[in-house]
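# Quick one: sequence and predicted model below, then my questions.
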Amino acid sequence: MPAPTYLVDEKLKTWATPRQVEFIDAINAHGSKRAAAKALGVNYSSVHQAIELVMKKAAIFGYSPEHDLRHPAAPGQRLRGASHLYKEGQAEPVLTWVKTERDSAQSEAILREFVEYLTKDAKGLSPAVESPAHSYPDLLAVYPWGDPHFGMYAWARECGDAFDLEVAERLTLGAVDRLVSAAPPAETAVLLPLGDFFHANDQSNQTPAHKHQLDVDSRYPKVLMIGIKAVRHAILRLLEKHARVIARFEPGNHDPEAKWALALTIAAYFENNPRVTVDLTPGKFWYHRFGKVLIASTHGDTAKHATLGGVMAADRPEDWGATKHRYWYTGHIHSSTVTELPGVVCESFRTLAAKDAYAAGHGYRAGRDMRLIVHHREYGEIERHRVDVGMLESTSHDL
């Protein structure tokens, strides 16, 4: 008796990567996942995982025939819910009601899994960087990046300053180089982009929640590529000065899912370097304890300074009681604002990005810079350095 043949739905190719399409074709040609894996010279688990991911991704967008879902959602939407009306004695539904909405938590989880799958064969590619000969274990260097907005476009005649992907990369790399040169050799450094690293979350060029139209520069894959390149450069530079680097990427209201493409790619690239830790903890609030210092970060779109003291005390009661110097670092508003609450100082940071048409038209005129903050494990903040955009280069040329 011949072995049963397993076939994969050809329509799943709509949501598959080129490699996953190859797996689908191999399964359908050879009749099983194991036979396909053998023919392709890969592990069975790789083929199985690839197909499972495609099926999950397709289901998010409303396609899962085995569950009577055959009406894919429109681009940028996901299945919100479906109702089926069945007639007794019939296997197929008589009527189906399908509701869609923009995906949120589930798509983030699937996206993380999807990017991990894409990067698993590119892990551990970072070059060796010689550790600094001397470093101070009692010092922590924090490099907060206020809303970089890679991929944003600003026309100088309209907005006052020109800004595009090339300018974003040049300013960011220049600021990092200057700050690392000025930094003391703290044993540990924290690279802390505070959200909205990317101006757009995807090629729709709209904010995910409110669908505000965005002024963007270049093709979206190129934006991702240049953003990843900039962070890679920054971490390699930090490794020259600091014995250990922690990277944390906050999700912003512009890039809640896209930030995972950045974070997971950087984590994969530096997997071979024990001196680099990429914090992939999900959630909007992040904490780092350093002696008597407690540092927290969030983008700032979901909680204002006035509430953050209570959030920290509730989330980290033991750390709150064991520390003396407590700080919140936020972005979102693109301006330098310090709010001192009982027991904690909250600070928002400027961005190196220029004003886009919306900001320029609404009267926003904050300065542009990047900062480095140095903490002592006993005394808290002891020094800081600032790089103004004017120190890097003029961005007033026309585009």
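Looks like it arrived, so ask away.

# Spatially nearest residue to A360 (excluding sequence neighbours)?
C159 (4.2 Å; C-beta to C-beta, 6 or more residues apart in numbering). Placement of C-beta: from N, CA and C, glycine included.

# From A353, how far off is the one you found?
Distance from C159 to A353, counting by C-beta to C-beta, to the nearest Å: 11 Å.

# More neighbours: which of the two?
A353 (26 against 20; other C-beta atoms under 10 Å).

# Give me the pLDDT value at A128.
Reported pLDDT at A128 in the predicted model: 89.

# where does it fall, helix, sheet strand or coil?
With DSSP: H, G, I helix; E, B strand; the rest coil as the basis, A128 sits in coil.

# Could you report the neighbour count for it?
8.

# Distance of it relative to L191?
19 Å.

# where in the stretch 101-250 of the chain is pLDDT low?
Counting by pLDDT under 70, the ranges of the stretch 101-250 of the chain that qualify are 101-122.

# Strands of that one, start to end?
136-145, 186-193, 244-248 (DSSP state E, counting those that start in this stretch).

# the helices in the stretch 201-350 of the chain, which residues?
Ranges of helices within the stretch 201-350 of the chain are 220-241, 258-269, 305-315, 317-322, based on DSSP state H, counting those that start in this stretch.

# State the mean pLDDT of the shortest one.
Taken as a whole, helix 317-322 carries a mean pLDDT of 98.

# Which strands and helices lie in contact with it?
strand 286-290 (3 or more C-beta pairs under 8 Å, 6 or more residues apart in numbering; DSSP states H and E).

# Now do the buried residues in the helix or strand that A360 is a member of.
According to DSSP states H and E, A360 maps onto helix 357-361. For helix 357-361, a neighbour-count test (16 or more other C-beta atoms under 10 Å) marks A359, A360 as buried.

# Likewise for stretch 28-36?
Using 16+ other C-beta under 10 Å as the test for burial, stretch 28-36 gives H30, G31, S32, K33, A35, A36.

# is it possible to export the residues you listed to CSV including pLDDT, distance to H212 and secondary structure?
As requested, the buried residues of stretch 28-36 are arranged in CSV below (pLDDT from 0 to 100; distance: C-beta to C-beta, whole Å; DSSP: H, G, I helix; E, B strand; the rest coil):
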residue, pLDDT, distance to H212, secondary structure
H30, 93, 49, helix
G31, 92, 50, coil
S32, 93, 48, coil
K33, 93, 44, helix
A35, 93, 50, helix
A36, 93, 45, helix
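
# ok, of these, which one's closest to A313?
K33 (51.1 Å; C-beta to C-beta).

# re the thing from before, ranking the strands of the stretch 101-250 of the chain by mean neighbour count, which comes first?
Most buried of those, by mean neighbour count (mean count of other C-beta atoms under 10 Å): strand 186-193, with a mean of 24.

# Pretty sure the residue nearest to A360 sits against A357.
Yes: with contact defined as C-beta atoms under 8 Å, C159 reaches A357; the gap is 6.0 Å.

# how's the chain carved up into domains?
Under the assignment automatic domain parsing, the domains of the chain span 1-60, 117-392.

# Which stretch among those approaches Q90 most closely?
So among the domains of the chain, domain 1-60 is nearest, using C-beta to C-beta, at 22.1 Å.

# Might you calculate how far that closest one sits from the centre of the chain?
Centroid separation for domain 1-60 versus its chain: 29 Å, with C-alpha atoms, centre = their mean, to the nearest Å.

# Look at the residue lying closest to V338 once chain neighbours are set aside and say how many residues are nearby.
Once flanking residues are discounted, V338 sits nearest to E347: 5.0 Å by C-beta to C-beta, 6+ apart. When neighbours are counted by other C-beta under 10 Å, E347 registers 18.

# swap in C346?
25.

# Tell me what it is bridged to.
Beta-bridge pairing for C346 (DSSP bridges): W328, T339.

# any idea how far it is from S336?
12 Å.

# which residues sit in contact with the residue positioned nearest the centre of the chain?
In the chain, the C-alpha nearest the mean C-alpha coordinate belongs to K259, at 1.5 Å (C-alpha atoms, centre = their mean). K259 makes contacts with G195, F197, F198, F249, E250, P251, G252, as judged by C-beta atoms under 8 Å, 6 or more residues apart in numbering.

# Select from those residues the one having the most neighbours.
Neighbour counts for the contacts of K259, by other C-beta under 10 Å, peak at E250, which reaches 30 neighbours.

# other SSEs contacting the helix or strand harbouring K38?
Assigned by DSSP H and E, K38 belongs to helix 33-40. Helices and strands touching helix 33-40, by 3+ C-beta pairs under 8 Å, 6+ apart, are helix 18-30, helix 44-60.

# Figure out which of those helices is closest to M391.
Using C-beta to C-beta, the helices and strands packed on helix 33-40 put helix 18-30 closest to M391, at 44.2 Å.

# Name the residues that touch the closest one?
Contacts for helix 18-30 (C-beta under 8 Å, 6+ apart): 6-8, 10, 12-13, 16, 33, 35-36, 38-40, 47, 50-51, 53-54.

# Just the buried subset of these, please.
8, 12-13, 16, 33, 35-36, 40, 47, 50-51, 53-54.

# could I get stretch 275-286 in PDB with only the CA atoms?
Only the C-alpha atoms of stretch 275-286 are listed here, as PDB (Å, rounded to 0.1, in the frame of the first residue of the first chain):
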ATOM      1  CA  ARG A 275      30.100  41.100  25.600                       C
ATOM      2  CA  VAL A 276      26.900  42.100  23.900                       C
ATOM      3  CA  THR A 277      23.400  41.600  25.400                       C
ATOM      4  CA  VAL A 278      20.300  42.600  23.400                       C
ATOM      5  CA  ASP A 279      17.300  42.800  25.700                       C
ATOM      6  CA  LEU A 280      14.300  41.300  24.000                       C
ATOM      7  CA  THR A 281      11.900  41.600  26.900                       C
ATOM      8  CA  PRO A 282       8.400  42.500  25.500                       C
ATOM      9  CA  GLY A 283       6.400  45.200  27.000                       C
ATOM     10  CA  LYS A 284       6.400  49.000  27.200                       C
ATOM     11  CA  PHE A 285       8.500  49.500  30.300                       C
ATOM     12  CA  TRP A 286      12.100  48.500  30.900                       C
END
